[in-house]
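In: Kindly return the folded structure for what I paste below:
(one chain, ligands or ions: 1)
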Amino acid sequence: MNDHVRVRADDWGQDGVDTDVPNAARMYDYYLGGLHNFPADREMAQRVVGAYPALPGVLQLNRAFLRRAVRYLVRQGIRQFIDLGSGLPTVGNVHEVAQAEAPDARIVYVDVDPTAVLHSRLMLVGNPGATVLQLDLRNPEQVLSHRDLRWQIDLSQPVALLTVAVMHFIGDADDPVGIMGAYGAEVASGSYMVLSHASGDNEPEAAEKITALYARTGNPMYFRPRAEIEAIFGDFELVPPGLVVPNEWHPELADAPLAEIGNVSGYCGVARKP
Ligand SMILES: C[S@@+](CC[C@H](N)C(=O)[O-])C[C@H]1O[C@@H](n2cnc3c(N)ncnc32)[C@H](O)[C@@H]1O
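Out: Next comes the predicted model:
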């Protein structure tokens with residue numbers, strides 16, 4: 001990929017974006033082959049891939065899980081999606097998958113990163129069923145009471161709360177279980193939570209190295225054991241097949257054959273509010 005087609009810092013035109021500090025949203029974009037990243041992001045991302053060469057493949061599997069989960073939920077009748085930590089737009093975004101199955105589906109993307117929000121906003125021009133908000137997901141009350149969210153989402157009806165590859169950026173001090181519990185308390189019975197989360201259970205050495213590298217970015221990362229990840233679902237009940245490695249979650253819903261990679265450092269699952 002040629003550097004001249006990548007974004008340049010002086011083209012960015014965004015206040016408050018420090019392009020010298022590696023950033024999780026832009027590093028993730030780099031792993032997925034995107035163009036919205038800078039030299040500091042690429043250098044750190046290359047170090048992380050050096051420590052864990054399977055990472056880009058794992059993240060493709062994460063995106064593939066996200067698409068299957070959205071497809072599954074639309075088929076359960078869900079028409080409202082709140083995507084917390086939605087990231088930079090990439091192939092197969094939530095609104096594309098959901099609205100392809102159900103044109104009346106409504107989506108609110110939430111991300112704290114100004115770059116992710118700017119590019120999501122550009123992508124959503126002309127789509128009245130989708131909105132993006134620049135907010136910190138650690139403030140559930142602020143997110144759920146936002147006027148633009150309420151315009152799009154009727155909280156008296158079931159919604160899907162998506163927290164995909166993001167809660168591992170929330171430290172224990174911020175209480176991930178409490179945060180998702182606060183969202184869960186405000187949504188209707190029959191709502192769902194979609195979660196994927198990095199874990200060191202299968203590859204502890206890689207997790208240790210990645211944790212050390214991310215500690216030097218603006219977004220430290222927290223790998224968690226399976227039981228702590230499952231706890232984030234709170235009183236939502238996991239639907240079959242439960243909390244599993246990505247390829248084991250409803251592979252029959254895939255839009256393309258799933259790549260096979262051995263051990264995967266993460267779990268994913270979908271749970272329903274009784
Ligand atoms: C690895 S990306 C995941 C993107 C997408 N959910 C996916 O799975 O493809 C993590 C995203 O979470 C966002 N994020 C991290 N902490 C956040 C917070 N406190 N509030 C909102 N977004 C956050 C980052 O900016 C980044 O865009």
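
In: Now do the contacts for the residue nearest in space to the middle of the chain.
Out: Nearest to the centroid of the C-alpha atoms of the chain, with distances taken as CA atoms, centre = their mean, sits residue 164, at 3.2 Å. Residue 164 is in contact with 62, 65-66, 69, 83, 85, 194-196, 268, counting by CB atoms under 8 Å, 6 or more residues apart in numbering. The C-beta positions use only the backbone N, C-alpha and C, and glycine is treated the same way.

In: same check, this time on residue 117
Out: 109, 111, 132-134.

In: try it again with 7 Å
Out: By CB atoms under 7 Å, 6 or more residues apart in numbering, the residues touching residue 117 are 111, 132, 134.

In: Am I right that the second one sits in a strand?
Out: The reference is to residue 132. Yes. Using DSSP: H, G, I helix; E, B strand; the rest coil, the secondary structure at residue 132 is a strand.

In: which ones are touching it?
Out: Contacts of residue 132 (CB under 7 Å, 6+ apart): 109, 117, 120-121, 124.

In: So which of the residues you listed sit within helices?
Out: 117, 120-121 (DSSP state H).

In: quick one: residue 47 is in a helix?
Out: Yes. Assignment of residue 47 by three-state DSSP places it within a helix.

In: Leaving out the residues flanking it, which one is nearest to it?
Out: Spatial nearest neighbour of residue 47, excluding adjacent residues (CB to CB, 6 or more residues apart in numbering): residue 213 at 5.5 Å.

In: about what we covered before: most neighbours among the contacts of residue 132, which one is it?
Out: residue 109 (27 neighbours; other CB atoms under 10 Å).

In: give the contact list for that residue.
Out: For residue 109, the contact set (CB under 7 Å, 6+ apart) comprises 83, 86, 120, 132.
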